[in-house]
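Novice: the following block contains a protein sequence and its predicted model.
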Amino acid sequence: MSLAEDLLRAAGARGLTIAAAESCTGGMVAAAITDVAGSSAIFDRGFVTYTNAAKVQMLGVRDATLSARGAVSEEVAAEMAAGALAQSGADIAVSITGIAGPGGSDHKPEGRVCFGLAAFGDLRTETVEFGALGRAEVRAAARDHALRLLIGATGGG
C-alpha cells in the first residue's frame, strides 16, 4: 500500500481533511494524494507557491520573514503551513520548502528541506537534510516525508 493510500485510510477513518503548501516539490504531494481513488473525501486543496511572491500572496507569508530567514527556513515553512490551513477548509496542512538542486550553498546545501505541519492548534516544523541525491530524488524524498508527517498527524502512523 502506498503512503497516499495509508493517508487516505487514516484521515478518512477520522473524518479529517488535508491541505498542502508546496514549493520545491511543485505539487507532488497533492498529485500523490489525488492519484488515489476516493481522495476527494480527504483532500481539500493544494497550493504550489514556487516563488516568494506566491508564498506572500497565496499563503500570507510575511516579506519580513522571507528577508530575514530566506525561503528555505523553518520560519517560512511554519508560515506556509499556517497560511494553507487558514486559506482552506482543511483540518491539517503540511508545507514544504527546500533546495532540490542542483546547487545550493554552504549555508543552505542541496537536499535541505524544511517542513511545517499545522493541525489542531499546533504548529511544528523540522528540517531534513536529504543530501545531494539529485533533484528528482530529493523531491521524491520530500514528498514521502510530507506524506508520513500527514499520516502521523491523523493518528494513523
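Specialist: That came through fine.
Novice: what residue is smack in the middle of this structure?
Specialist: Residue closest to the average C-alpha location in the chain (Cα atoms, centre = their mean): Ser95, at 2.6 Å.
Novice: quick one: it and Asp35, what's the gap?
Specialist: Applying Cβ to Cβ, to the nearest Å, the value for Ser95 to Asp35 is 20 Å. Glycine gets a C-beta too; all of them are placed from N, C-alpha and C.
Novice: over to stretch 22-37 now: how far is its first residue from its last?
Specialist: Taking Cα to Cα, to the nearest Å, the first and last residues of stretch 22-37 lie 22 Å apart.
Novice: CA atoms of stretch 136-147 as CSV?
Specialist: Taking Å, rounded to 0.1, in the frame of the first residue of the first chain, the C-alpha atoms of stretch 136-147 are listed here in CSV:
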residue,chain,number,x,y,z
ALA,A,136,14.3,14.1,-8.6
GLU,A,137,15.4,12.0,-5.6
VAL,A,138,15.3,15.0,-3.2
ARG,A,139,11.8,15.9,-4.4
ALA,A,140,10.5,12.4,-4.1
ALA,A,141,12.0,12.0,-0.6
ALA,A,142,10.4,15.3,0.4
ARG,A,143,7.0,14.2,-0.9
ASP,A,144,7.2,10.9,1.0
HIS,A,145,8.4,12.7,4.2
ALA,A,146,5.4,15.1,4.0
LEU,A,147,3.0,12.2,3.5
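Novice: and what about the residue in the chain sticking out farthest from the centre, helix, strand or coil?
Specialist: Here the chain reaches farthest from its C-alpha mean at Asp106, the gap being 23.8 Å by Cα atoms, centre = their mean. With DSSP: H, G, I helix; E, B strand; the rest coil as the basis, Asp106 sits in coil.
Novice: begin at 265 from here
Specialist: Happy to do that; since the first residue is 265 now, the last one works out to Asp370.
Novice: now do the helices in the chain.
Specialist: Secondary structure of the chain (DSSP state H): helices at 267-278, 292-298, 316-323, 327-333, 338-350, 399-417.
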